[in-house]
Structures are given as structure tokens and as C-alpha cells.
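A.B. asks: Build the 3D model from these lines:
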Amino acid sequence: MTDRVCIGAIAGAFGVRGEVRLKSFCAEAEDIAAYGPLTTEDGGRSFTITLTRPVTQGFAAWLDGVTTKEAADALRGTRLYALRDALPALPDDEFYHADLLGLTALDTGGVTLGKVAAVHNHGAGDLLELRGPGLKGSVLVPFTLAVVPTVDLASGRVIIDPPEGLFD
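C.D. replies: Below you'll find the model as predicted:
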């Protein structure tokens, strides 16, 4: 686990005066501006965000220190991180994606299936991407209570009861 969580990304310039197009990964998209200054992945830059209006797939926003279209375009693809302490506490059955990455996936018999390499959501619910030495590439596992009955962050593992044929 880390002290920072990725909560958004800059998708490039919006207009010609330095506004950016901002994608939010927050459950309530507009909350991205409420978590204090956001930093780049390496922590080298910090931005205070002022949302100006909703736009397709995100928001138009001002970032302090970004005043030109060129400066905004240069930030395209930059992921933005908030301090974990600034984020709301979650109920017992909810998790930040960052907390799931790297967990060891075991089946209900205790056999290691792989590690959680990524968490995806293409609109129909979260999927855990598992990778491991015994797998031919990646395996996507539905992140539902029926398929993943146990997430144990303290011991660094998830228990998976895979549907028949998923790992064949």
C-alpha cells in the first residue's frame, strides 16, 4: 500500500488559454478538486485544481501554474495523485484499486493462481487482471462477491472461487 492514490489524469489542453481536460477516477467525479493539491506520480509537481465546467468524458479545469495551451498539452497523460489521508474512509466491502494491486490470488483450496496486476472497469463492473507463471497471459476475473469472496489486505491476498473453465 502506498501513501498516495491515483484519482485522475490530464487528457490535454482544453482551449487556447491554458485550461486542461481532466479525467476523474473518483466515485463522485467532481470530488477530484476537493482532495487538496494533487501531485504527479514522481511527486515532482503539485497542482491545485479549479474545475470550470463538465465536458465530454471529464472536466475543463485550471491548474495553478499552467497558463498556456502548450503547457497544458505538455501535461497530456499525466496521472494525478492525492494523499491517501485526504480520501474518505471506505466501508468494509469497498476497496481502492491501488490497494488491490499486487495481492496474491489464491483459489478456495489455497492454490496460488497469480497476482492482481490491474483492475479494469469497462462499464459492467470491476475486473481483476491476474498474471502469474502458471497462466498463459492474463486472466480477467469478475470482482464480485460470488467470485472473490475474500479480500484480505492485511495478509496481501484475495480468495477466488472461479467460474468453471476460467483457468482452463
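
A.B. asks: When you work out contacts or count neighbours from here on, use the C-alpha atoms and nothing else.
C.D. replies: Will do.

A.B. asks: before we move on, which element is the residue lying farthest from the centre of the chain in?
C.D. replies: Distance to the chain centre peaks in the chain at G109, reaching 29.6 Å (criterion: Cα atoms, centre = their mean). Assessed by DSSP states H and E, G109 sits outside every helix and strand.

A.B. asks: which residues touch it?
C.D. replies: Contacts for G109 (Cα atoms under 8 Å, 6 or more residues apart in numbering) come out as none.

A.B. asks: Phi first, then psi, for it.
C.D. replies: phi -90, psi 0 (degrees, to the nearest 10).

A.B. asks: Lowest-scoring secondary structure element of this protein by mean pLDDT?
C.D. replies: Within the chain, no helix or strand scores below helix 97-100, which has a mean of 89 by mean pLDDT, DSSP states H and E.

A.B. asks: Beyond that helix, next helix or strand please.
C.D. replies: Following helix 97-100 toward the C-terminus (DSSP H and E): strand 104-107.

A.B. asks: what's the following helix or strand after that following strand?
C.D. replies: strand 112-121.

A.B. asks: CA-only coordinates of the next helix or strand after that following strand in PDB, if you can.
C.D. replies: Counting by DSSP H and E, the next helix or strand C-terminal to strand 112-121 is strand 126-131. Backbone C-alpha positions of strand 126-131 (Å, rounded to 0.1, in the frame of the first residue of the first chain) are rendered in PDB as follows:
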ATOM      1  CA  ASP A 126     -14.700  -4.300 -12.000                       C
ATOM      2  CA  LEU A 127     -12.500  -7.000 -13.300                       C
ATOM      3  CA  LEU A 128      -9.300  -8.200 -11.700                       C
ATOM      4  CA  GLU A 129      -6.400  -8.900 -14.100                       C
ATOM      5  CA  LEU A 130      -4.400 -11.800 -12.800                       C
ATOM      6  CA  ARG A 131      -0.900 -12.600 -14.100                       C
END
